[in-house]
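J.: let's see this in three dimensions:
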Amino acid sequence: MFFSLELPVAGLAPDPVVLCGTRGCTPGVSGAIVHSLSHLFTLILDQSSTSIFAPQGTPARSIFGLSMLVLSICSVIFLIVAGLLLFTLIRYRHRRGYTQREPAQIYGSTQIELSWTVLPILIVVVLFLATARVIFVTQTAAKPSNALDVVVIGHQFWWEYRYPKLGIVTANELHVPVSEPDHPTPTYLTMSSADTDHSFWVPRLAGKMDLIPNKVNTMWIDPEKPGLYLGQCAQYCGVQHAKMLLRVYADSPAEFSAWIKKQQQTALQTPTAAAGRAVFEANACVNCHTISGTSAHGTFGPNLSHVASRDTIASGAVPNNPQNLRAFIDDPAHFKPGVLMPAMHLIQRDLDAVTQYLSTLH
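T.: Numbering: from 1, shown residues only. Below you'll find the model as predicted:
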(Lines give C-alpha, C1' and ligand atoms only; values in the text may rest on other atoms or scores of the structure.)
Protein backbone atom coordinates (compact mmCIF):
# COMPACT_ATOMS: atom_id res chain seq x y z
CA MET A 1 0.00 0.00 0.00
CA PHE A 2 1.17 3.52 -0.75
CA PHE A 3 0.61 6.46 1.60
CA SER A 4 -0.51 10.03 1.04
CA LEU A 5 -0.18 13.27 2.99
CA GLU A 6 -3.42 14.61 4.41
CA LEU A 7 -4.55 17.41 6.77
CA PRO A 8 -7.75 18.50 8.59
CA VAL A 9 -10.64 20.16 6.77
CA ALA A 10 -10.46 23.92 6.28
CA GLY A 11 -12.50 25.98 8.67
CA LEU A 12 -12.20 23.54 11.57
CA ALA A 13 -10.00 23.99 14.58
CA PRO A 14 -6.85 21.88 14.26
CA ASP A 15 -6.97 18.78 16.42
CA PRO A 16 -3.90 17.09 17.88
CA VAL A 17 -2.36 14.79 15.31
CA VAL A 18 -3.25 11.16 15.94
CA LEU A 19 -2.48 7.77 14.47
CA CYS A 20 -5.77 5.95 14.05
CA GLY A 21 -6.64 2.35 13.46
CA THR A 22 -9.64 0.10 13.78
CA ARG A 23 -9.03 -0.19 17.51
CA GLY A 24 -9.24 3.54 18.08
CA CYS A 25 -6.87 6.49 18.00
CA THR A 26 -3.93 7.34 20.19
CA PRO A 27 -2.23 10.72 20.54
CA GLY A 28 0.71 11.21 18.26
CA VAL A 29 2.95 14.12 17.37
CA SER A 30 1.40 17.51 18.04
CA GLY A 31 2.55 21.04 18.57
CA ALA A 32 3.03 24.36 16.91
CA ILE A 33 4.88 23.04 13.84
CA VAL A 34 2.29 20.42 13.01
CA HIS A 35 -0.66 22.76 13.56
CA SER A 36 0.93 25.55 11.55
CA LEU A 37 1.66 23.24 8.64
CA SER A 38 -1.83 21.79 8.84
CA HIS A 39 -3.44 25.22 8.74
CA LEU A 40 -1.22 26.44 5.90
CA PHE A 41 -1.76 23.45 3.62
CA THR A 42 -5.45 23.33 4.45
CA LEU A 43 -6.01 26.91 3.35
CA ILE A 44 -4.05 26.39 0.13
CA LEU A 45 -5.18 22.95 -1.02
CA ASP A 46 -8.43 21.96 0.67
CA GLN A 47 -10.56 23.48 -2.09
CA SER A 48 -9.86 20.49 -4.36
CA SER A 49 -12.37 17.64 -4.31
CA THR A 50 -9.38 15.30 -4.57
CA SER A 51 -7.44 17.06 -1.83
CA ILE A 52 -5.24 14.75 0.19
CA PHE A 53 -5.40 17.35 2.96
CA ALA A 54 -9.00 16.58 3.95
CA PRO A 55 -9.20 12.90 5.02
CA GLN A 56 -12.68 11.47 5.50
CA GLY A 57 -11.87 7.88 6.45
CA THR A 58 -9.91 5.92 9.03
CA PRO A 59 -7.15 4.70 6.66
CA ALA A 60 -6.68 8.20 5.26
CA ARG A 61 -6.55 9.67 8.76
CA SER A 62 -3.95 7.11 9.83
CA ILE A 63 -1.84 8.02 6.82
CA PHE A 64 -2.31 11.68 7.68
CA GLY A 65 -0.85 11.18 11.16
CA LEU A 66 2.18 9.37 9.78
CA SER A 67 2.67 11.96 7.03
CA MET A 68 2.61 14.83 9.49
CA LEU A 69 5.19 13.08 11.66
CA VAL A 70 7.49 12.66 8.65
CA LEU A 71 6.86 16.21 7.45
CA SER A 72 7.54 17.66 10.92
CA ILE A 73 10.86 15.83 11.30
CA CYS A 74 11.97 16.78 7.79
CA SER A 75 10.95 20.40 8.37
CA VAL A 76 13.05 20.62 11.54
CA ILE A 77 16.04 19.10 9.73
CA PHE A 78 15.60 21.53 6.84
CA LEU A 79 15.37 24.56 9.14
CA ILE A 80 18.49 23.54 11.05
CA VAL A 81 20.58 22.86 7.95
CA ALA A 82 19.32 25.91 6.05
CA GLY A 83 19.84 28.08 9.13
CA LEU A 84 23.44 26.95 9.56
CA LEU A 85 24.15 27.54 5.88
CA LEU A 86 22.59 31.00 5.99
CA PHE A 87 24.54 31.89 9.14
CA THR A 88 27.78 30.73 7.54
CA LEU A 89 27.14 32.73 4.35
CA ILE A 90 26.43 35.92 6.30
CA ARG A 91 28.95 35.58 9.11
CA TYR A 92 31.87 34.59 6.94
CA ARG A 93 31.12 36.54 3.79
CA HIS A 94 33.92 38.50 2.08
CA ARG A 95 34.29 42.04 3.48
CA ARG A 96 36.11 45.09 2.13
CA GLY A 97 39.55 45.34 3.63
CA TYR A 98 39.42 41.75 4.84
CA THR A 99 42.79 40.03 4.71
CA GLN A 100 42.32 36.43 3.77
CA ARG A 101 44.20 33.95 5.85
CA GLU A 102 43.92 30.25 6.32
CA PRO A 103 41.49 29.36 9.14
CA ALA A 104 42.50 27.17 12.03
CA GLN A 105 42.63 23.54 11.00
CA ILE A 106 40.67 21.03 13.11
CA TYR A 107 41.30 17.37 12.38
CA GLY A 108 38.29 15.37 13.58
CA SER A 109 35.68 15.92 16.30
CA THR A 110 34.29 13.00 18.28
CA GLN A 111 31.22 14.97 19.36
CA ILE A 112 30.28 16.00 15.82
CA GLU A 113 30.86 12.54 14.41
CA LEU A 114 28.74 10.95 17.13
CA SER A 115 25.92 13.44 16.56
CA TRP A 116 25.70 12.94 12.79
CA THR A 117 25.75 9.17 13.30
CA VAL A 118 23.44 8.66 16.27
CA LEU A 119 20.78 11.25 15.44
CA PRO A 120 20.04 9.92 11.90
CA ILE A 121 19.84 6.38 13.29
CA LEU A 122 17.32 7.48 15.90
CA ILE A 123 15.27 9.33 13.28
CA VAL A 124 15.21 6.31 10.97
CA VAL A 125 14.15 4.02 13.84
CA VAL A 126 11.29 6.35 14.81
CA LEU A 127 10.07 6.61 11.21
CA PHE A 128 10.34 2.84 10.74
CA LEU A 129 8.30 2.05 13.85
CA ALA A 130 5.65 4.66 13.04
CA THR A 131 5.33 3.41 9.46
CA ALA A 132 5.14 -0.24 10.55
CA ARG A 133 2.36 0.62 12.98
CA VAL A 134 0.25 2.37 10.35
CA ILE A 135 0.76 -0.50 7.88
CA PHE A 136 -0.28 -2.97 10.56
CA VAL A 137 -3.48 -1.20 11.63
CA THR A 138 -4.62 -0.57 8.05
CA GLN A 139 -3.75 -3.89 6.44
CA THR A 140 -4.49 -6.34 9.25
CA ALA A 141 -7.68 -4.76 10.60
CA ALA A 142 -10.32 -7.29 11.62
CA LYS A 143 -13.20 -7.41 9.16
CA PRO A 144 -16.60 -6.73 10.84
CA SER A 145 -19.48 -9.08 10.11
CA ASN A 146 -21.57 -6.23 8.67
CA ALA A 147 -18.87 -5.05 6.23
CA LEU A 148 -19.84 -4.53 2.60
CA ASP A 149 -17.90 -6.64 0.09
CA VAL A 150 -17.11 -5.23 -3.34
CA VAL A 151 -15.00 -6.85 -6.04
CA VAL A 152 -13.07 -4.25 -8.05
CA ILE A 153 -11.70 -5.20 -11.48
CA GLY A 154 -9.55 -2.78 -13.45
CA HIS A 155 -9.92 -2.71 -17.24
CA GLN A 156 -8.44 -0.57 -19.97
CA PHE A 157 -9.79 2.01 -19.29
CA TRP A 158 -12.70 1.63 -16.86
CA TRP A 159 -13.64 0.13 -13.49
CA GLU A 160 -15.93 -2.83 -12.89
CA TYR A 161 -17.67 -3.20 -9.51
CA ARG A 162 -19.31 -6.40 -8.36
CA TYR A 163 -21.34 -6.75 -5.16
CA PRO A 164 -21.31 -10.57 -4.74
CA LYS A 165 -23.70 -10.71 -1.78
CA LEU A 166 -26.18 -8.34 -3.44
CA GLY A 167 -26.11 -9.67 -7.00
CA ILE A 168 -25.18 -6.27 -8.46
CA VAL A 169 -22.69 -5.52 -11.22
CA THR A 170 -22.01 -1.93 -12.23
CA ALA A 171 -19.23 0.20 -13.65
CA ASN A 172 -17.19 3.33 -12.94
CA GLU A 173 -19.34 4.71 -10.12
CA LEU A 174 -18.89 2.94 -6.78
CA HIS A 175 -21.68 3.31 -4.22
CA VAL A 176 -20.91 2.52 -0.57
CA PRO A 177 -22.68 3.29 2.71
CA VAL A 178 -21.44 5.95 5.11
CA SER A 179 -19.70 4.43 8.12
CA GLU A 180 -21.36 6.17 11.05
CA PRO A 181 -19.47 6.34 14.39
CA ASP A 182 -22.23 4.52 16.28
CA HIS A 183 -22.69 1.96 13.51
CA PRO A 184 -19.39 1.40 11.61
CA THR A 185 -19.95 -0.07 8.15
CA PRO A 186 -16.63 -0.33 6.33
CA THR A 187 -16.40 -1.42 2.72
CA TYR A 188 -13.83 -4.09 1.87
CA LEU A 189 -12.52 -4.00 -1.69
CA THR A 190 -11.10 -7.14 -3.30
CA MET A 191 -9.05 -5.99 -6.26
CA SER A 192 -7.59 -7.52 -9.40
CA SER A 193 -6.89 -6.56 -13.01
CA ALA A 194 -8.27 -7.98 -16.25
CA ASP A 195 -5.36 -6.78 -18.38
CA THR A 196 -2.46 -4.64 -17.17
CA ASP A 197 -1.44 -2.88 -13.96
CA HIS A 198 -3.84 -0.30 -12.50
CA SER A 199 -3.96 1.53 -9.17
CA PHE A 200 -7.06 2.47 -7.16
CA TRP A 201 -6.62 5.83 -5.43
CA VAL A 202 -9.29 7.95 -3.78
CA PRO A 203 -7.12 10.39 -1.80
CA ARG A 204 -9.65 11.42 0.84
CA LEU A 205 -10.58 7.85 1.77
CA ALA A 206 -7.38 5.79 1.72
CA GLY A 207 -3.96 5.27 0.22
CA LYS A 208 -3.27 3.74 -3.17
CA MET A 209 -3.67 0.06 -3.92
CA ASP A 210 -2.36 -1.61 -7.06
CA LEU A 211 -4.45 -3.94 -9.22
CA ILE A 212 -2.16 -6.53 -10.75
CA PRO A 213 -3.06 -9.34 -13.18
CA ASN A 214 -3.23 -12.79 -11.53
CA LYS A 215 -2.93 -11.28 -8.04
CA VAL A 216 -5.61 -10.28 -5.54
CA ASN A 217 -5.07 -7.27 -3.28
CA THR A 218 -7.46 -5.95 -0.64
CA MET A 219 -8.12 -2.65 1.05
CA TRP A 220 -10.96 -1.05 3.01
CA ILE A 221 -12.62 2.34 3.20
CA ASP A 222 -15.08 3.83 5.67
CA PRO A 223 -16.34 7.25 4.50
CA GLU A 224 -17.35 9.40 7.44
CA LYS A 225 -19.59 11.83 5.59
CA PRO A 226 -22.02 11.44 2.67
CA GLY A 227 -20.88 12.84 -0.63
CA LEU A 228 -18.89 12.24 -3.77
CA TYR A 229 -15.22 11.32 -3.46
CA LEU A 230 -13.13 11.54 -6.61
CA GLY A 231 -10.07 9.55 -7.51
CA GLN A 232 -7.83 8.41 -10.32
CA CYS A 233 -6.03 5.38 -11.62
CA ALA A 234 -2.55 6.08 -10.26
CA GLN A 235 -0.59 3.54 -12.31
CA TYR A 236 0.13 4.21 -15.98
CA CYS A 237 -1.95 1.63 -17.84
CA GLY A 238 -2.07 2.87 -21.44
CA VAL A 239 -2.97 5.80 -23.63
CA GLN A 240 -6.17 6.62 -21.73
CA HIS A 241 -4.72 6.26 -18.24
CA ALA A 242 -5.45 9.94 -17.50
CA LYS A 243 -9.17 9.41 -18.20
CA MET A 244 -9.59 6.30 -16.06
CA LEU A 245 -11.31 8.25 -13.31
CA LEU A 246 -12.87 7.14 -10.02
CA ARG A 247 -16.15 8.25 -8.46
CA VAL A 248 -17.07 6.92 -5.02
CA TYR A 249 -20.53 7.86 -3.72
CA ALA A 250 -20.87 7.63 0.04
CA ASP A 251 -24.63 7.27 0.61
CA SER A 252 -26.66 7.51 3.78
CA PRO A 253 -28.12 4.14 4.89
CA ALA A 254 -31.51 5.03 3.39
CA GLU A 255 -29.99 6.22 0.10
CA PHE A 256 -27.79 3.15 -0.17
CA SER A 257 -30.73 0.81 0.45
CA ALA A 258 -32.72 2.61 -2.24
CA TRP A 259 -29.78 2.34 -4.67
CA ILE A 260 -29.47 -1.40 -4.00
CA LYS A 261 -33.16 -1.97 -4.58
CA LYS A 262 -33.04 -0.06 -7.84
CA GLN A 263 -29.93 -1.87 -9.11
CA GLN A 264 -31.40 -5.29 -8.31
CA GLN A 265 -34.44 -4.62 -10.48
CA THR A 266 -34.51 -5.04 -14.24
CA ALA A 267 -34.45 -1.61 -15.81
CA LEU A 268 -37.81 -0.60 -17.25
CA GLN A 269 -37.75 -0.63 -21.02
CA THR A 270 -40.48 1.55 -22.49
CA PRO A 271 -42.32 0.62 -25.70
CA THR A 272 -40.92 3.73 -27.40
CA ALA A 273 -37.41 2.31 -26.91
CA ALA A 274 -38.20 -1.09 -28.44
CA ALA A 275 -36.61 -0.10 -31.75
CA GLY A 276 -33.40 0.86 -29.98
CA ARG A 277 -33.29 -2.44 -28.12
CA ALA A 278 -33.67 -4.30 -31.40
CA VAL A 279 -30.76 -2.37 -32.90
CA PHE A 280 -28.65 -3.00 -29.80
CA GLU A 281 -29.29 -6.76 -29.87
CA ALA A 282 -28.71 -6.99 -33.62
CA ASN A 283 -25.23 -5.46 -33.49
CA ALA A 284 -21.91 -6.31 -31.88
CA CYS A 285 -22.94 -4.46 -28.69
CA VAL A 286 -24.17 -7.75 -27.16
CA ASN A 287 -20.68 -9.28 -27.46
CA CYS A 288 -19.14 -6.78 -25.04
CA HIS A 289 -21.96 -5.46 -22.82
CA THR A 290 -24.63 -6.87 -20.52
CA ILE A 291 -28.15 -5.53 -20.09
CA SER A 292 -30.35 -7.51 -17.73
CA GLY A 293 -33.50 -8.88 -19.29
CA THR A 294 -32.00 -9.00 -22.79
CA SER A 295 -29.83 -11.34 -24.82
CA ALA A 296 -26.78 -9.16 -24.11
CA HIS A 297 -24.40 -10.97 -21.73
CA GLY A 298 -20.99 -9.63 -22.74
CA THR A 299 -18.34 -8.99 -20.07
CA PHE A 300 -15.60 -7.29 -22.06
CA GLY A 301 -17.20 -3.85 -21.67
CA PRO A 302 -19.12 -2.15 -18.84
CA ASN A 303 -22.47 -3.50 -17.67
CA LEU A 304 -25.15 -1.19 -19.11
CA SER A 305 -28.19 -2.47 -17.20
CA HIS A 306 -28.67 0.86 -15.41
CA VAL A 307 -26.42 3.10 -17.45
CA ALA A 308 -28.91 6.00 -17.45
CA SER A 309 -28.70 6.21 -13.65
CA ARG A 310 -25.01 7.10 -13.76
CA ASP A 311 -23.82 10.68 -13.68
CA THR A 312 -21.02 10.16 -16.18
CA ILE A 313 -19.93 7.97 -19.06
CA ALA A 314 -16.50 6.99 -20.38
CA SER A 315 -15.22 6.31 -16.84
CA GLY A 316 -16.04 9.78 -15.59
CA ALA A 317 -14.65 11.60 -18.63
CA VAL A 318 -17.90 13.36 -19.64
CA PRO A 319 -21.38 13.96 -18.15
CA ASN A 320 -24.04 11.39 -18.97
CA ASN A 321 -26.60 13.08 -21.19
CA PRO A 322 -28.21 12.06 -24.50
CA GLN A 323 -25.88 14.25 -26.57
CA ASN A 324 -22.68 12.83 -25.08
CA LEU A 325 -24.08 9.29 -25.05
CA ARG A 326 -24.95 9.52 -28.76
CA ALA A 327 -21.51 10.92 -29.61
CA PHE A 328 -19.76 8.20 -27.62
CA ILE A 329 -21.72 5.40 -29.31
CA ASP A 330 -20.99 6.86 -32.72
CA ASP A 331 -17.26 7.41 -32.13
CA PRO A 332 -15.81 6.59 -28.66
CA ALA A 333 -12.40 7.94 -29.68
CA HIS A 334 -13.97 11.40 -29.85
CA PHE A 335 -13.84 11.48 -26.04
CA LYS A 336 -11.15 8.88 -25.35
CA PRO A 337 -8.59 8.42 -28.14
CA GLY A 338 -7.22 4.90 -27.98
CA VAL A 339 -10.27 3.47 -26.21
CA LEU A 340 -10.82 -0.22 -26.92
CA MET A 341 -14.46 0.21 -27.95
CA PRO A 342 -14.67 0.45 -31.76
CA ALA A 343 -16.73 3.06 -33.59
CA MET A 344 -20.13 1.53 -34.41
CA HIS A 345 -20.81 3.59 -37.56
CA LEU A 346 -24.57 3.17 -37.24
CA ILE A 347 -26.90 4.99 -39.58
CA GLN A 348 -28.48 8.08 -38.04
CA ARG A 349 -31.85 6.42 -37.41
CA ASP A 350 -30.32 3.46 -35.60
CA LEU A 351 -27.95 5.71 -33.67
CA ASP A 352 -30.88 7.81 -32.42
CA ALA A 353 -32.84 4.68 -31.50
CA VAL A 354 -29.99 3.12 -29.47
CA THR A 355 -29.36 6.40 -27.68
CA GLN A 356 -33.03 6.69 -26.75
CA TYR A 357 -33.05 3.07 -25.55
CA LEU A 358 -29.98 3.42 -23.32
CA SER A 359 -31.34 6.69 -21.92
CA THR A 360 -34.31 4.79 -20.49
CA LEU A 361 -32.19 2.30 -18.50
CA HIS A 362 -32.45 3.88 -15.06
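J.: rest of the way, CA atoms for contacts and neighbours
T.: Noted.
J.: what segments of this structure are strands?
T.: Assigned strands in the chain, in chain order: 18-21, 24-27, 148-155, 158-163, 168-171, 173-177, 187-193, 198-201, 209-211, 217-221, 227-233, 245-251, 312-313, 318-319 (criterion: DSSP state E).
J.: for the record, mean pLDDT for the first one?
T.: It refers to strand 18-21. Taken as a whole, strand 18-21 carries a mean pLDDT of 40.
J.: returning to that earlier point: wait, which of the strands of the chain is closest to P332?
T.: strand 312-313 (10.5 Å; CA to CA).
J.: give me the pLDDT value at the residue nearest to V70 when sequence neighbours are not counted.
T.: Nearest residue to V70 in three dimensions, chain neighbours excluded: L127, at 7.1 Å (CA to CA, 6 or more residues apart in numbering). With respect to pLDDT, L127 scores 95.
J.: please apply the same query to E281.
T.: 90.
J.: if I look at it, how far off is G298?
T.: For E281, the distance to G298 (CA to CA, to the nearest Å) stands at 11 Å.
J.: the residue nearest to V70: neighbour count?
T.: 16 (other CA atoms under 10 Å).
J.: hmm, back to that, which one of the strands of the chain lies nearest to G276?
T.: Per CA to CA, nearest to G276 of the strands of the chain: strand 312-313, 18.7 Å.
J.: for that closest one, give the mean pLDDT please.
T.: In the prediction, strand 312-313 has an average pLDDT of 94.
J.: which one of the strands of the chain lies nearest to V81?
T.: Closest approach to V81 among the strands of the chain (CA to CA): strand 18-21, 27.7 Å.
J.: what about stretch 201-221, how long is it end to end?
T.: Terminal residues of stretch 201-221 are spaced 11 Å apart (CA to CA).
J.: same check on stretch 246-259?
T.: From its first residue to its last, stretch 246-259 covers 18 Å (CA to CA).
J.: ok, and for that stretch, which residues are buried?
T.: Residues of stretch 246-259 classed as buried: 246-253, 255-256 (neighbour count, 16 or more other CA atoms under 10 Å).
J.: ok so, going back, mind putting the strands of the chain into a markdown table with distance to R91?
T.: Shown next, in a markdown table, are those (distance: least, CA to CA, whole Å):
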| stretch | distance to R91 |
| --- | --- |
| strand 18-21 | 41 |
| strand 24-27 | 41 |
| strand 148-155 | 59 |
| strand 158-163 | 60 |
| strand 168-171 | 64 |
| strand 173-177 | 60 |
| strand 187-193 | 58 |
| strand 198-201 | 49 |
| strand 209-211 | 50 |
| strand 217-221 | 54 |
| strand 227-233 | 50 |
| strand 245-251 | 54 |
| strand 312-313 | 61 |
| strand 318-319 | 59 |
